[in-house]
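no sequence on this one, just coordinates:
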């Protein structure tokens, strides 16, 4: 029984050493190293790029078009032009795909809603 407990403890320690938690700079790996088909991943990236949001890039115009008819409508803060499409695909803590300027800071509004 003692040997079983020791073996279990050692195997858990070895498994824990395989875990990877990214720091400030995320490590990049090839998609296939994470069990992902690289062509299918590229197809997904191409799909994302070809189906970009059609809303105006100038957010003052976009907000006014969407909400301008509401009673008391007024933009109450700064806006800026939104950037080009960009994204990251992360698997097991590793970046396996990226496109566009992922360092750009864009304005974010409600990203989820619950009714």
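Done, it's in. None of the values given here were measured: they were computed from a predicted structure.

now the helices for the chain?
Taking DSSP state H as the criterion, the chain carries its helices at 2-18, 38-50, 59-67.

among those helices, which gets the worst mean confidence?
Note on the helices of the chain: helix 2-18 shows the lowest mean pLDDT, a mean of 64.

give me the nearest residue to the most centrally placed residue in the chain, chain neighbours excluded.
By Cα atoms, centre = their mean, the chain has its centre lying nearest to residue 88, at 4.9 Å. Distances taken as Cβ to Cβ, 6 or more residues apart in numbering place residue 98 nearest to residue 88, at 5.1 Å, with adjacent residues excluded. (Glycine included, C-beta is placed from N, CA and C.)

give the contact list for residue 100.
By Cβ atoms under 8 Å, 6 or more residues apart in numbering, the contact list for residue 100 reads 83-87.

distance check, it against residue 83.
7 Å (Cβ to Cβ, to the nearest Å).

cool, residue 57 as well?
As judged by Cβ to Cβ, residue 57 and residue 83 stand 8 Å apart.

for residue 70, same thing?
Residue 70 sits at a distance of 27 Å from residue 83 (criterion: Cβ to Cβ).

which one of those two is surrounded by more residues?
The neighbour comparison of residue 70 against residue 83 (other Cβ atoms under 10 Å) goes to residue 83, with 14 against 8.

my guess is that one contacts residue 101, does it?
Yes. Applying Cβ atoms under 8 Å, one finds residue 83 in contact with residue 101, separated by 6.1 Å.

flag every buried residue along stretch 66-84.
Judged by neighbour count (16 or more other Cβ atoms under 10 Å), stretch 66-84 contains these buried residues: residue 82.

first-to-last residue distance for that stretch?
With Cα to Cα, to the nearest Å as the measure, the first residue of stretch 66-84 is 20 Å from its last.

just the residues contacting it, thanks.
By Cβ under 8 Å, 6+ apart, the surrounding residues in contact with stretch 66-84 are 52, 55, 57-60, 63-64, 100-101, 104, 106-107.
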